[in-house]
Structure formats: structure tokens, C-alpha cells
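Asks: turn this into a structure:
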Amino acid sequence: MVSIQSRYEGGLSCRATHGPSQSQLVTDAPKDNEGLGRFFSPTDLVATALATCILTTMAIVAKRHGLAFEGATADVEKHMQQTPRRIGRLPVVLRIPGAFTEQQKKLLENAAHSCPVHKSLHPDIDASISFDWIG
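Replies: Below you'll find the model as predicted:
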């Protein structure tokens, strides 16, 4: 269990504190929803969580199998739906440098699709994952 405390700071901005580390982040409402867009919006954090969770899950599997994974990147695009206002699409493009066998690629691709954030998203959200193997 991890505890996160969030506090409304005013001006459509919130500050969240991660219990175990005490690190903080600030959110802001996006410009297209009455905010100033100064920081990540809450839905931006969902997209960020997806991309970083995929990379982390793949890195864990790579580490277990002695595979180099440094330099891998994930680009995610957040597409909002207006009615109702919610995330509609979160396509992720992964770029993975290095020489991998087909079996290793399959192992890492399976890891990407087993990321806990990906598995936690509502099924109506299109969160496709594509792979660009560089090397």
C-alpha cells in the first residue's frame, strides 16, 4: 500500500505528496478546460504513468534475462474525448535500441502488454502499443 496526499492549492492547481519518498508534484487544469496548463494535468499523468510503466515493466524483464535496455523510449499521445470529457486514446510508440532475437523481442513485447497501468485502464480507452526495434 502506498499513500499519496493531494491538496488543492487554488487556481485549479493541486499538490500531491508521495508518502514513502515525500517527493511532490503539482498539477494544473489544462488550457482547454479552464486552466493555465502550467504543469501536467491529471490526465497527462495517466498518459505519463502508462508510458513509464511500460518502460519499467520491460526493463524489469530485460534485467531478469540479462538484456541491455538503456536508451529505450516511449512516446505517448493523449487524445481527449469531449462528450463525456475523458481520455479516449493513448497510443504508445516504443523505440528500443539494441540487437534482440525474435524470442527476446516477443518476451519484451509481452512485458509491455502486461504493464499494470495498461491493464488498469478502462477497456474503452484505445491504448495501442507499437514497437520500433532499432538495431
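
Asks: which parts of this structure belong to which domain?
Replies: According to the domain assignment given by automatic domain parsing, the chain is divided into the following structural domains: 1-40, 41-134.

Asks: most tightly packed of those domains?
Replies: Of the domains of the chain, the one with the most neighbours on average (mean count of other Cβ atoms under 10 Å) is domain 41-134, at a mean of 15. C-beta here means a position set from N, CA and C on the backbone, and glycine is covered the same way.

Asks: possible to save the domains of the chain as a markdown table with mean pLDDT?
Replies: Conversion of the domains of the chain to a markdown table gives the following (pLDDT from 0 to 100):
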| stretch | mean pLDDT |
| --- | --- |
| domain 1-40 | 96 |
| domain 41-134 | 97 |
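
Asks: what about the spatially most central residue of the chain, distance to residue 108?
Replies: In the chain, the C-alpha closest to the average C-alpha coordinate belongs to residue 50, at a distance of 2.2 Å (Cα atoms, centre = their mean). Computed with Cβ to Cβ, to the nearest Å, the distance linking residue 50 and residue 108 is 16 Å.

Asks: these two touch, right, residue 108 and residue 98?
Replies: No: here residue 108 does not reach residue 98: they are 10.1 Å apart, not a contact under Cβ atoms under 8 Å.

Asks: how much space between the nearest residue to residue 53 once chain neighbours are set aside and residue 50?
Replies: Computed as Cβ to Cβ, 6 or more residues apart in numbering, the closest residue to residue 53 that is not its neighbour in sequence is residue 117, at 3.9 Å. Here the criterion is Cβ to Cβ. By it, residue 117 lies 5 Å from residue 50.

Asks: same thing with residue 61?
Replies: Computed as Cβ to Cβ, the residue 61 to residue 50 distance reads 17 Å.
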